[in-house]
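Undergrad: This is the structure alone, sequence omitted:
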C-alpha cells in the first residue's frame, strides 16, 4: 500500500472513531454516491407535488380578477358574490378537518389525487355556471381540495427530501402558491373569467398524471409495514447508486419505536410530550393568519383603491414583489435556517404594517410577509410532529389556519371601513407578538432529519 493511501485510510478511521464528529463513510469508486444529492426523481416528485400549491394560489386569488366579469354576466349582487368569494374558506375548513386522516389512510399520493379530482370538478362547475348556486358549489369543492392540499403537499415534500435539502424544497410550496396568485392576477386582467377557470384545471391534470411517475412517501410506506416498497421508493429518490442504508435504518428504527404505542387519535395529541410541537405549530398558524396576509390577498383591489392607487398596476407590482420574495426564500432557507427568516419576516411585516397604517406602503408588507410568515409555518408543521400523530396534529393545525383565514376574510371589510389605518396597526401589533413567540418557542430544524426533529420535540 502506498504512503498516501495509508494516510487516507488512517484519516477515514479517525473520522469514524472520533467522538462528537460526524461519521463519514468513504465511498469507493463505483460503490455509491452521496444520498443527499438532487436527483431527477426527487425534482419530479417535488414538482408534481407543488402543482397542488399552485392550485392553492390560483384558487385563492381567482375571485379578485373574476369579480366584474361574473357579476356583469350572471347578474350577481354584491352579497351573492361575497358568498362566492368566501365559501372557499368553508371548503378549506372541511378539507383541513379530514386532511390528516385521508393522508394516513390512502397515502400522500392518494390524498393529492383526491385534491386533483375535487379541483377539476370545482373548476368545471365554475366554468359551466349559469347561476349562483353552481358557482358556489364549484368554489366549495375547490376549497375542499386546497384545504387538503395545504396539509399533504408540504408533508409529502418534507418526507421525500434529504435533510440538507428539505428547507429549500419545501419552500417551493410557497413559491408555487405565489406563482399561482401572480399568474392569476396577471392573466385574469386580460382573459374572460370562464377561460381563467378552464385554465385552472391544467395544474390539477398535470399533478393527477405526474404522480403516477413518482414514488410514494418512504416514511408513510414504512409506517404501514411496506418495508420493501419503502426501500425501493427511497432508492429511486436518492439515486440508483446511492447508499441509503443509514437513512433506511433510521426510518425503520423510528417506525419500530412508534409501533410500540397505539395509533393516537385527536385527543391524544394534547399529552404533555407533544405540548411544544403543538404550541409551535398552532402558534405559527395563528400569527400567519391574523398577521394580515390573507386580508391583503382577498381584498387587494379595495385596499389599493382606498390608498389612491391603480388596482391593476398595484396587483401586478404586488405579484412581482411576492414572487421575488419567495424566490429569495427558496435559496436562503437551508443556508440561514427557518428561525432567522421567520424573525426577519415578522420584524419586517411588523414595521411595514405600521407604515401601511400611515401611508399604505402595501408592497413592502407583502414582500416581508411572503419571505417567512407566509410559508415557513407550513414547512415547520410538516417537520415537527411524529408520524404517529402527524395526521391528527396536522389536521388540527391546518384547521386552525383555515379558521383564522375565515375569520380574517369575514371581518376585514368591517374593520377596514371602521379604520383603514387602524386595521394595519393591529396587524403590525400581531406581527410584533410573532417576533417574541418565534424567538422563544420555535426551534431551528435546518440540517436535521425528521426523526431527529420529532425526537427532540417530544423528549
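TA: Received it, and whenever you're ready, just let me know what you need. Here the structure is a predicted model, which means the values were calculated and not measured.

Undergrad: Okay, now the unreliable bits of the stretch 151-300 of the chain?
TA: 258-268, 293-300 (pLDDT under 70).

Undergrad: Quick one: the strands in it, in order.
TA: Read by DSSP state E, counting those that start in this stretch, the stretch 151-300 of the chain holds no strands at all.

Undergrad: now the helices: where do they sit in it?
TA: Ranges of helices in the stretch 151-300 of the chain, per DSSP state H, counting those that start in this stretch, are 166-188, 193-199, 201-210, 218-223, 227-238, 245-259, 275-290, 293-298, 300-306.

Undergrad: buried set for the longest one?
TA: Buried residues in helix 166-188, defined by neighbour count with 16 or more other C-beta atoms under 10 Å: 166-186, 188. All C-beta spots, glycine's among them, are computed from the backbone N, C-alpha and C.

Undergrad: Tell me what angle that helix forms with helix 201-210.
TA: Taking axes from the mean of the first three to the mean of the last three C-alpha atoms, to 10 degrees, one finds helix 166-188 and helix 201-210 inclined to each other by 140 degrees.

Undergrad: Now do helix 166-188: which elements does it pack against?
TA: On a contact count with 3 or more C-beta pairs under 8 Å, 6 or more residues apart in numbering; DSSP states H and E, helix 166-188 meets helix 40-74, helix 132-160, helix 193-199, helix 311-336, helix 376-384.

Undergrad: cutoff 6 Å now
TA: Applying 3 or more C-beta pairs under 6 Å, 6 or more residues apart in numbering; DSSP states H and E, one finds that helix 166-188 makes contact with helix 40-74, helix 132-160, helix 311-336.

Undergrad: and what of the second one?
TA: Here helix 193-199 touches helix 40-74, helix 78-127, going by 3+ C-beta pairs under 6 Å, 6+ apart.

Undergrad: Out of those helices, which is closest to residue 376?
TA: helix 40-74 (13.9 Å; C-beta to C-beta).

Undergrad: Okay, now the unreliable bits of the stretch 301-450 of the chain?
TA: Residue ranges of the stretch 301-450 of the chain with pLDDT under 70: 301-315, 352-353, 356-372, 375, 413.

Undergrad: Give me the spatial nearest neighbour of residue 426, chain neighbours excluded.
TA: Take residue 426 and drop its neighbours on the chain: the residue closest to it by C-beta to C-beta, 6 or more residues apart in numbering is residue 415, 7.4 Å away.

Undergrad: what's the answer for residue 84, then?
TA: residue 135 (5.1 Å).

Undergrad: Quickly note the distance from that neighbour to residue 56.
TA: Applying C-beta to C-beta, to the nearest Å, the value for residue 135 to residue 56 is 19 Å.

Undergrad: What about residue 289, how many residues nearby?
TA: By other C-beta atoms under 10 Å, the residues close to residue 289 number 24.

Undergrad: Roughly how far does it sit from residue 331?
TA: Relative to residue 331, residue 289 is positioned 26 Å away (C-beta to C-beta).

Undergrad: try residue 227
TA: 36 Å.

Undergrad: Neighbour count for those two, which is higher?
TA: residue 227 (15 against 11).

Undergrad: so what's the more buried one closest to, chain neighbours aside?
TA: That would be residue 252: by C-beta to C-beta, 6+ apart, it lies 6.9 Å from residue 227.
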